[in-house]
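Chemist: just coords:
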Ligand SMILES: CC(C)(COP(=O)(O)OP(=O)(O)OC[C@H]1O[C@@H](n2cnc3c(N)ncnc32)[C@H](O)[C@@H]1OP(=O)(O)O)[C@@H](O)C(=O)NCCC(=O)NCCS
């Protein structure tokens, strides 16, 4: 039996291994995991920068990729404890933004300040158990190439935001966003859609622009 199987087969060894990775009641791995283990398993492209003042809540047993020329700004938090976080090339993760995997960001994306993009929900079905003790519901959240997410937005699990879409500042996105569109509000609704015929961003609900 290999070491991994031995640890998994014993409850006390599993608890010890968990404690060695992460302090009790915390969500951030110990420094040695971040400094000595992660760099050997996580991929970082050329000129990719993860600000020293951003939080790397990253575990080696799930993928984390930061593509070439991408930048994670100060006070951002990236967490891959329950799902992968894949960030493409030339993508900006703005100041104070929190990303909880599973999340996939494409190339050339702008995420402004203080957004939350998450692939994690808590189950609340059992009314006799605290929500914190119920299982995670995990759905991958995807943002496609060239999208722009305005400041203070929340993108909930399972949503896909299409290519070159714009999410207006302060929006809560609960449904898929079509490519080349603008959505805004809480819950976010379609505001504009690019019209390839007229080559204009057509106002939704305006009959003249709908033609
Ligand atoms: C979405 C946004 C790009 C639209 O800008 P715009 O193209 O100049 O469009 P307008 O200001 O004409 O707004 C278009 C419509 O969207 C609505 N709208 C604009 N911003 C909105 C918002 N944050 N939430 C909800 N609706 C919004 C407007 O009221 C307008 O509605 P109408 O068509 O009924 O009049 C802009 O409002 C925005 O939110 N930018 C994000 C800024 C930001 O976060 N910067 C951080 C640094 S990257």
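Modeler: Structure received. Every value quoted in this text rests on a predicted model; they were computed, and no experiment measured them. Residues are numbered from 1 along each chain as shown.
Chemist: Any idea how far the top strand by length along the chain is from the middle of the chain?
Modeler: Criterion DSSP state E: the longest strand present in the chain is strand 189-195. Relative to the chain's own centre, strand 189-195 is displaced by 24 Å; criterion: Cα atoms, centre = their mean, to the nearest Å.
Chemist: What's the local residue count around residue 30?
Modeler: Neighbours of residue 30 under the rule other Cβ atoms under 10 Å: 15. From N, CA and C alone the C-beta is placed, and that goes for glycine too.
Chemist: If I look at it, what pLDDT would I see?
Modeler: On the pLDDT scale, residue 30 is placed at 91.
Chemist: Equivalent analysis for residue 210, please.
Modeler: 47.
Chemist: buried sites along stretch 80-88?
Modeler: If you call a residue buried by 16 or more other Cβ atoms under 10 Å, then stretch 80-88 has these buried ones: 80, 81, 83, 85, 86, 87, 88.
Chemist: Contacts for it next, please.
Modeler: 27, 57-59, 62-67, 70, 72, 78-79, 93, 99-109, 119-120, 136, 138, 140, 145 (Cβ atoms under 8 Å, 6 or more residues apart in numbering).
Chemist: what's the closest residue to residue 100 other than its chain neighbours in contact with, if anything?
Modeler: In space, residue 100 comes closest to residue 118 once its chain neighbours are excluded; the distance is 4.2 Å by Cβ to Cβ, 6 or more residues apart in numbering. Counting by Cβ under 8 Å, 6+ apart, residue 118 makes contact with 98, 99, 100, 103, 141, 154, 155, 156, 157.
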